[in-house]
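1. Got a predicted structure plus its sequence, pasted below:
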Amino acid sequence: MSVLKVGELTIKTGRGEQILKKKQLDSTTGQYLTLRIIPDRTVLNNRNHDFMRSIHDFYRGYRKRLKFTEKEIEFKDPTRFFWDIVMTAGDVAFYCTVPTEKESFVRQQIELTWEHATILKEAISHIEELNDLEVCEMGLSRHNIFSLKVDKRIEHEPLGSLLMGTKELKDDDFARIQIVCQPVNRLSWQDTTEKAHKKFKSGKVPRRMKISKKDALLASGDGILFAMDQASDAIDVILDSLAGKASARDKEIRDKSRKEDAIDIGKRMILIDGDLKTSTHHKKKDPTFKTWMRIIAGSKDAGRRQSIIMTLSNGYHDLTADNELERVELSRKTQLRTLSEILHFSPSAKTTLDPNAMILSNNELGRLIELPSAYLQDTFDFQSINRREVQIPNVLRSGIPWGLVSHKGTKEIVHIPIKDYGLLCRPQVVLGKMGTGKTNQGMQMGHLFPTFGFTSILMDTADGDLIQDAINRLPADFPESHIIDLDFGNLALLPASDWSEITSAMQLSGGDWTEIEVNRRMASNKLSGVLIDFLNKLATNETTDNMERFLSAVAKGILTSPTRGIMEVILCLTNGEYRENVLQNFKINDSIVFGTIQELHEMSQDTRAQTVRFIMSRINVLLSNDYMRNSILQTPNIGPDGKPLINIRKWIDGNLLTNPKYGGAYFVGIRIPKSILGETGIDRFAAFWDAKIWLAALSRYNVPSVKGCHGKPFVYIRDEPHQTPSSFKIHNDACREARKWGMKNIWMAHKLEDFEFMKKTLKDAGAQFSIFSTSKETVKSLKEELAPFTEEELFKIPEKRVCVSKFAESDEAFLCETIKSPLVKDRSYIRKQCAETYGRPLHEVEKEIFDKTRVLYSQDKPKKRPTRK
């Protein structure tokens, strides 16, 4: 047994030969470094030929590689480019090895060719101590001037066929394909091709110096034909002599014909389609490279080694055109030398000086230097960026953290931008199946908006965990006076529900009479409209025109004071004494409103009962539910400023004096538990509070517009709004107008079909969509909004904590992993504190309501015509 040492490689030849190599090489080999290229979902191979054209710029002539010093002459090796495909049973990896000084240039070219692929410095380290290796080379079967197939429209050839070879690999097997490219002088190549093409046109087929098996067979065929020609000549001479017809002219014609037939056999093998391919004609002037292609197969099973070699080498038949690649068997000695060259990225002199080296154009190499497209990534198992990666624009690099975006091997946080209030306040829809992470995203926004200085309001119609998790993740120093937790499932200490925000924010007394009256009219119109819409939701049929006329007038007369609510509306409709007090003592300057209430007051008892009966049937729905009745009909707790303590307008505007660090922001949680209230209960409660929050936003008309919004933005986060159909009209209105009033809505649901009632409004409003794994119908509906992601890519969003989002039309959609903030502090005690602050004891509330409602069904006698005071 003999031992051969080549650098780190130890080769023992003879019986029991081995190849030993260090498991891990540095990613730099001498003056070269290795880059791994990880494909992403957007990979296309239609610019690979341009990539190889740029690599041809590595060429340096002999003179430029010579360096003269005082003591010696230095001669640098030609610059080469190496492309490796390493295959194992569980992975396929793609590498290029380039001169260290060319790294920046090559990275740039890779990014131009495969824009979103990830580039990593990584050594090729698949070979451990392995005894069983087989090596072969690939070479052109015909002269270098003839081209392989270079059709750029074909995406999966030959890489698809090569990847089929991975199916042959077992756990300990591997394969490696290495392509070495050394740029060739273009002028020299053009001279060579001109001569070869002239020879071809004259009828002589240029041949390679080494004869392949196929060429040998063809040559033997030519020899047989030549022998047959000689025999035929002899027979012809004899026959001509016997016939006395020997003719020199006839012999000349026969000789010429037979000679042409013999020459045409080689030509016909190339011109199967009747002409040379365009790629062969172009190859004359294309940038070209001396190219060496080697395939290593490693397996303990000799049969599998041969099978791997054959499968991979046959995969290149996809490129057959005027020329084709064929497998070249190597002697064991040559295999060992070739292995050393492959492992050390260093072709030997015997290889580089071979006059029969294969020469390929940039277009041909463009078909060999490929990355797998999304189709191949789905078909075969290997590391890829299995999600489309998008470089996020600068505008998304600051603001409220939304998620983690991966791009080219690095991760960065993508944000909801907060500098542009118009963009911030666009409606946002978060869609995803149960368990995908959409609710977590709502929780994140719930605590992050206040952290960055914007009030957030969360409504939870489930178990309240959404609210509690958000509260527990607020900063440790967030003031507890700015954390509001309202529980409408707590009957013992139920908070009040009213619509006082629209009036408590207005100046309704003192000052200019005209201004005050305009404010009154504005408030009364909004409130009466909301009340009628709300009551209509409590019955299957809508109010008649006559019912609506009286209800509207009463609402306008009553609700202009923040201390009056639905209870007072009911009293005005049903009780003569209260109605007389309204007409005599309330300052109703609208003569139509006053006259309508007076008309109701002067009706006969039967007529009045008939008029208000259908209104009261709706209100009785509220009175039949303890939670609704006690919350909506109770008098709210009043604060030091004379306004109700539950003041949405105050909370959305914020208070810098009491929370300067966090921009005055509040966190407001609204618990409406379905387990206690039932479907009907949460529908009505949620509708009431949706209206309350929307009215609070509308009341900001008296705030100057800044950055396109009246007031500082706040966010209202609503989980599964489709479960409360009574709110559909409010959501639709808010979707259309909320941005103007500084209100950002975030709606979370399972699929876009849940928003059928306002799908068109969402798209018209430029809504920001974020989708987790969701329904096919949703994906199809949003494919334009979530470009450049394809339907196929959106269908394959992972099941958990990954979403595709888009925040502005000018930006591309991006895929990100969601973030879950850590728990900061257990604040579960705040729920009880808020119940005591904002709620009232059950016995106190019910006594107040009883005292007011005992007159509702009493005998209502007609009164004298009241006069205004």
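-> Arrived safely, thanks for sending. Keep in mind it's a predicted model, so treat the numbers as computed, not measured.

2. what pairs with M87 across the strands?
-> As for beta bridges, M87 partners with V92, A175 under DSSP bridges.

3. Tell me the pLDDT of it.
-> M87 is assigned a predicted lDDT (pLDDT) of 89.

4. residues in contact with it?
-> By C-beta atoms under 8 Å, 6 or more residues apart in numbering, the contact set of M87 is L163, G165, T166, L169, F174, A175, R176, I177. Placement of C-beta: from N, CA and C, glycine included.

5. need the contact list for the second one.
-> Same thing as G165. M87, A175, I308, T311, L312, G315 are the contacts of G165 under C-beta under 8 Å, 6+ apart.

6. same deal with the last one?
-> Taking C-beta under 8 Å, 6+ apart as the criterion, I177 is in contact with D84, I85, M87, L162, M293, R294, I295, I296, L312.

7. quick one on the thing from earlier: which one of the contacts of M87 is nearest Y375?
-> L163 (10.9 Å; C-beta to C-beta).

8. Identify, from the contacts of M87, the entry nearest to E737.
-> Taking the contacts of M87 together and measuring to E737 by C-beta to C-beta, the closest member is L163, at 54.7 Å.

9. So what's the gap between the helix or strand containing that closest one and the chain middle?
-> L163 is part of helix 159-163 when elements are defined by DSSP states H and E. From the chain centre to the centre of helix 159-163 is a distance of 28 Å (C-alpha atoms, centre = their mean, to the nearest Å).

10. Summarise which helices and strands the helix or strand C96 falls within is packed against.
-> Assigned by DSSP H and E, C96 falls within strand 92-99. If contacts are counted by 3 or more C-beta pairs under 8 Å, 6 or more residues apart in numbering; DSSP states H and E, strand 92-99 sits against strand 32-38, strand 81-88, helix 103-113.

11. go again using 7 Å as the cut-off
-> strand 32-38, strand 81-88 (3 or more C-beta pairs under 7 Å, 6 or more residues apart in numbering; DSSP states H and E).

12. And that strand, how far out from the chain middle?
-> Its chain's average C-alpha position is 28 Å from that of strand 92-99, according to C-alpha atoms, centre = their mean.

13. Could you do stretch 153-168 as well?
-> Using C-alpha atoms, centre = their mean, the offset of stretch 153-168 from its chain centre is 27 Å.

14. Then stretch 453-469?
-> Counting by C-alpha atoms, centre = their mean, stretch 453-469 comes out at 27 Å from the chain centroid.

15. Just the CA atoms of it, as CSV, please.
-> Output of stretch 453-469 as CSV, limited to C-alpha atoms (Å, rounded to 0.1, in the frame of the first residue of the first chain):
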residue,chain,number,x,y,z
GLY,A,453,-48.2,57.0,24.0
PHE,A,454,-51.5,56.1,22.4
THR,A,455,-54.6,55.1,24.3
SER,A,456,-55.9,51.6,23.5
ILE,A,457,-59.4,50.2,24.1
LEU,A,458,-59.9,46.4,24.0
MET,A,459,-63.2,44.7,24.0
ASP,A,460,-63.2,41.0,25.0
THR,A,461,-66.4,39.0,24.6
ALA,A,462,-64.7,35.7,25.6
ASP,A,463,-63.1,34.9,28.9
GLY,A,464,-61.2,38.2,29.5
ASP,A,465,-57.8,36.7,29.1
LEU,A,466,-57.1,39.1,26.2
ILE,A,467,-57.5,42.0,28.5
GLN,A,468,-55.7,40.5,31.5
ASP,A,469,-52.7,39.5,29.4
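
16. And stretch 390-404, how far out from the chain middle?
-> Relative to its chain's centre, stretch 390-404 lies at 13 Å (C-alpha atoms, centre = their mean).

17. Enumerate residues external to that stretch that contact any of its residues.
-> Residues from elsewhere that reach stretch 390-404 (C-beta atoms under 7 Å, 6 or more residues apart in numbering): 405, 407, 411, 413-418, 448-449, 452, 805, 807, 811-812, 814, 816-819.

18. let's see it at 6 Å
-> By C-beta atoms under 6 Å, 6 or more residues apart in numbering, the surrounding residues in contact with stretch 390-404 are 405, 407, 411, 413-418, 448, 452, 811-812, 814, 816-819.

19. Now that stretch: average pLDDT?
-> The model assigns stretch 390-404 a mean pLDDT of 89.

20. quick one on the thing from earlier: arrange the contacts of I177 in TSV, one row each, with distance to D485 as further columns.
-> TSV is the format used below for those (distance: C-beta to C-beta, whole Å):
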residue	distance to D485
D84	60
I85	59
M87	58
L162	62
M293	70
R294	70
I295	68
I296	67
L312	66
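
21. Let me know the closest of those to K121.
-> Of all the contacts of I177, K121 sits closest to D84, with 14.3 Å by C-beta to C-beta.

22. The nearest residue to the closest one once chain neighbours are set aside: neighbouring residues, count only.
-> Nearest residue to D84, sequence neighbours excluded (C-beta to C-beta, 6 or more residues apart in numbering): Y95, at 4.3 Å. Number of residues near Y95 (other C-beta atoms under 10 Å) recorded here: 20.

23. what separates Y95 from L120, distance-wise?
-> Applying C-beta to C-beta, to the nearest Å, the value for Y95 to L120 is 10 Å.

24. Now do the shared contacts for the two.
-> R36.

25. Give me the pLDDT for L271.
-> For L271, the pLDDT comes out at 55.

26. related to what we said a few turns ago, next, format the contacts of G165 as TSV and append distance to V150.
-> Listed next are those as TSV, based on distance: C-beta to C-beta, whole Å:
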residue	distance to V150
M87	24
A175	25
I308	27
T311	23
L312	21
G315	17
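
27. what's the closest of the residues you listed to N581?
-> Nearest to N581 among these is M87, at 90.5 Å by C-beta to C-beta.

28. Pull up the gap between the closest one and S307, please.
-> 13 Å.

29. Find the residues that touch each one of the two.
-> With C-beta under 6 Å, 6+ apart, M87 and S307 have no common neighbours.

30. So what does the closest residue to Q428 other than its chain neighbours look like in phi/psi?
-> Setting aside the residues directly before and after it, Q428 is nearest to Q768 in space (C-beta to C-beta, 6+ apart), at 4.3 Å. Note on Q768: its backbone torsions stand at phi -90, psi 120 [degrees, to the nearest 10].

31. ok, Q768 to L396 distance?
-> Taken as C-beta to C-beta, the span from Q768 to L396 is 12 Å.

32. got it, and G464?
-> Counting by C-beta to C-beta, the gap from G464 to L396 is 32 Å.
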